[in-house]
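Peer 1: I would like to see how this sequence folds:
(chains A and B)
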Amino acid sequence: MLAYAVRRLLFAIPTLLVISFIIFLILDLAPSDPTANLPLTIPQDVRQQIRLSLGLGEPMHVRYLKWLYQFAVNEPMHALEQLTGHHFSATPRVRVLSWQTRSPVVDLILQRLPQTLWVVGLSYVVGILIAIPIGIVSAVRQYSWFDQIGTFVSMVGYSVPTFFTGLLMIMLFSVHLGWLPSIYDTNLRVTDVASFWAQVKQMIMPVMVLALFNAAQISRYMRASMLENLTQDYVRTARAKGMREWVVVMVHVLRNSLIPVVTVIALGVPQIFGGAIITEQIFRVNGLGQLLITGIQGADIPLVQTLTFLFAALIVLFNLIADLLYGMLDPRIRYD
Amino acid sequence: MLSAARAARQPLLSVSGLRMHFPIFKGLLRRQVGTVKAVDDVGFDIARGEVLGLVGESGCGKSTTGRAILRLYDITSGRIELEGEDIAPLSGAALRAVRPRMQMIFQDPQASLNPRMTVGSIIAEPLDEHLRPSRAERRARVFELMDAVGLARGFANRYPHEFSGGQRQRIGIARALALNPAFIVCDEPIAALDVSIQAQVVNLLEDLRAAFGLTYLFISHDLSMVRHLADRVAVMYLGKIVEIAPREALYRFPLHPYTEALISAVPEAGGRRRARIVLRGDVPSPLRPPSGCAFRTRCPKVFDRCHVETPPLTDLGRGRRAACHLVGRPPA
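Peer 2: Below you'll find the predicted structure:
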């Protein structure tokens, strides 16, 4: 298993190099101009100088290799130097800098990460906790009222976009009822019970909007997987053994049904880091999704390039994790 | 003393009027459009220590009968008396309490074992549920069972997929034996195995029967294996028993035309050849069984009475019963 994981990680390196180059090409081909958002009074030759100062005058491959060196060598070295306090060279390292803020991109990401992890990550956990029991009950009582309603709700949850449910909830809970704030306040520090309660209140709506969406998807997988296993012969064996129905469903069927669901859940984790771009916009959560959007609007190529590449790397990583989980959960699968 | 004598005479299992009908739902509103009479008015007795073979072609309701007797289905109607107790109306905890006395060996040894459980835990699970043994007791019992079916003790921590078909079936047998059942339904236990392994498993079943005094309902479509193992044989066609008789009598002088055709198809060693009776057509759909005798659509000896009147299963003496208009009770 370890050898397999290491081999897969080594194979991931050329994959990621190709991905980073494709992202770079796409961004380079896009007709974006980092000076476009500047005031119109700035003359063209000054704009040209700004572009040159950002490194846009150099040929494409040079720009790509520079980004690659900054991201793959300078950033890890910088992190190492920060951690150990030891400086490997006297000259300061050139890090990947955001064109908009002139701040290192990695620092920006680290600032935004906690909000995204709290809101989007929590919504994923809540979604899973809702989805799994619904999936189990819907499968065990197939075609019952519970199953029919569950199917309807998950179809609605899956097909109605989050910008609609989000606005609907804001209309209801912020505008009409006035119970919950519609804007997420990042400056809120949890110091006592009151501020903790305020934090909970501002998280409820974004978390629930995303949780509904996630739960809709996962509960479908859970139901399908349970139904498939419920008709298996070993379930009849378990009943013939005289096991209680609870044991039959929760031990025999559930354990086997969770294998594909766990894989689906693992493959969905990179989406958390990707942040829910739309939901973060609606509730003004300044997470990674919002960072990406502002980066795209301002033609902040280094920021967009780095963020997109990190998402790609996470997807590759969680694909590997899903495969390894599969191997751990299903004794029939061995990686040697 | 008296009750012991009565217990000896009483059959271990007595089935009467067993019906298992499956409703068929179709259409937008899932309305019931019919019923499949998978098992229709089946009855027989099995004495303690006896092996009753149940034969018939695919889809005739053999397996459904076996599962219905073990109450793996909620049966439509009928009585199933196990050691004098009617288990047909039981459910829930009362039914679970009966389970240790009756077990099943399944056809597909691959699918019927939970792929995520080790052999040891598969065998031990019914022990934990019904007897709650200590760790040492459970270990000892698992090893004892693995010895009995000829599995090395070192296999206890392996998973089912690591075994061959024959070994998996041994696991299935060990699991069925775990609670010392009196009665075992063997649902085509050798159908999924290689021919070379079939004999091993059948011999194992015979040895276990002798060692533990087991009673089998042996479901199979392999007539030679049934002849080898069974004391009496019941022949099923389209959800009904058409003939039931002691083994030798049935194989030498089949009475029902269907039995005759089945037995004519068994290859025999030694050059003696029976004339093959080839049945034409397929088994009719159990959703719309033919009027009168169910076998009339394929019977070589069909005549007009068969179209209108269903022949009852008639007792012909010497433990023989058959359902055909051509075999009446011999005049006394």
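
Peer 1: and the residue in chain B positioned nearest to chain A, what is it in contact with?
Peer 2: Nearest residue of chain B to chain A (Cβ to the nearest Cβ) works out as B:Arg99 at 3.0 Å. (C-beta placed from N, C-alpha, C; glycine too.) Counting by Cβ atoms under 8 Å, 6 or more residues apart in numbering or on different chains, B:Arg99 makes contact with A:240-242, B:126, B:130, B:179.

Peer 1: any idea how far the closest residue to B:Arg296 other than its chain neighbours lies from B:Ser291?
Peer 2: Closest residue in space to B:Arg296, ignoring its immediate chain neighbours: B:Cys306 at 4.1 Å, by Cβ to Cβ, 6 or more residues apart in numbering or on different chains. Distance, B:Cys306 to B:Ser291, by Cβ to Cβ, to the nearest Å: 9 Å.

Peer 1: what do you get for A:Leu227?
Peer 2: Note on A:Leu227: its distance to B:Ser291, by Cβ to Cβ, is 38 Å.

Peer 1: Show me which of those two is the more surrounded one.
Peer 2: Taking neighbours as other Cβ atoms under 10 Å in any protein chain shown, A:Leu227 and B:Ser291 compare with A:Leu227 leading, 16 against 12.

Peer 1: what packs against the helix or strand harbouring B:Thr259?
Peer 2: For B:Thr259, the host element (DSSP states H and E) is helix B:257-264. Judged by 3 or more Cβ pairs under 8 Å, 6 or more residues apart in numbering or on different chains; DSSP states H and E, the packing partners of helix B:257-264 are strand B:232-237, strand B:240-246, helix B:247-252.

Peer 1: how about CSV for those, with mean pLDDT, mean neighbour count and distance to chain A added?
Peer 2: Listed next are the helices and strands packed on helix B:257-264 as CSV, based on pLDDT from 0 to 100; neighbours: other Cβ atoms under 10 Å in any protein chain shown; distance: least, Cβ to the nearest Cβ, whole Å:
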stretch, mean pLDDT, mean neighbour count, distance to chain A
strand B:232-237, 94, 25, 21
strand B:240-246, 93, 24, 23
helix B:247-252, 91, 17, 27
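
Peer 1: I'd like the ones you listed as JSON lines, with distance to B:Gly166 appended.
Peer 2: Shown next, in JSON lines, are the helices and strands packed on helix B:257-264 (distance: least, Cβ to Cβ, whole Å):
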{"stretch": "strand B:232-237", "distance to B:Gly166": "25"}
{"stretch": "strand B:240-246", "distance to B:Gly166": "30"}
{"stretch": "helix B:247-252", "distance to B:Gly166": "25"}
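
Peer 1: Please enumerate the strands of chain B.
Peer 2: Secondary structure of chain B (DSSP state E): strands at B:13-26, B:31-46, B:51-55, B:77-82, B:85-86, B:102-105, B:183-187, B:215-219, B:232-237, B:240-246, B:314-317, B:320-322.

Peer 1: who are the neighbours in contact with the closest residue to B:Met236 other than its chain neighbours?
Peer 2: Computed as Cβ to Cβ, 6+ apart, the closest residue to B:Met236 that is not its neighbour in sequence is B:Gly56, at 3.7 Å. By Cβ under 8 Å, 6+ apart, the contact set of B:Gly56 is B:62, B:221, B:235-237.

Peer 1: Switch those over to JSON lines; also include distance to A:Leu129.
Peer 2: Below are the contacts of B:Gly56 laid out as JSON lines (distance: Cβ to Cβ, whole Å):
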{"residue": "B:Lys62", "distance to A:Leu129": "45"}
{"residue": "B:His221", "distance to A:Leu129": "49"}
{"residue": "B:Val235", "distance to A:Leu129": "55"}
{"residue": "B:Met236", "distance to A:Leu129": "50"}
{"residue": "B:Tyr237", "distance to A:Leu129": "53"}
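
Peer 1: Show me which residues of chain B are close to chain A?
Peer 2: Contacts of chain B with chain A, taken as Cβ under 8 Å from any Cβ of the partner chain, map to B:30, B:67, B:70, B:72, B:96-97, B:99-100, B:103-104, B:106, B:108, B:111-116, B:125-126, B:129-130, B:159, B:161, B:172, B:175, B:179.

Peer 1: in the helix holding B:Thr259, what counts as buried?
Peer 2: Within helix B:257-264, the residues that count as buried by 16 or more other Cβ atoms under 10 Å in any protein chain shown are B:257-264.
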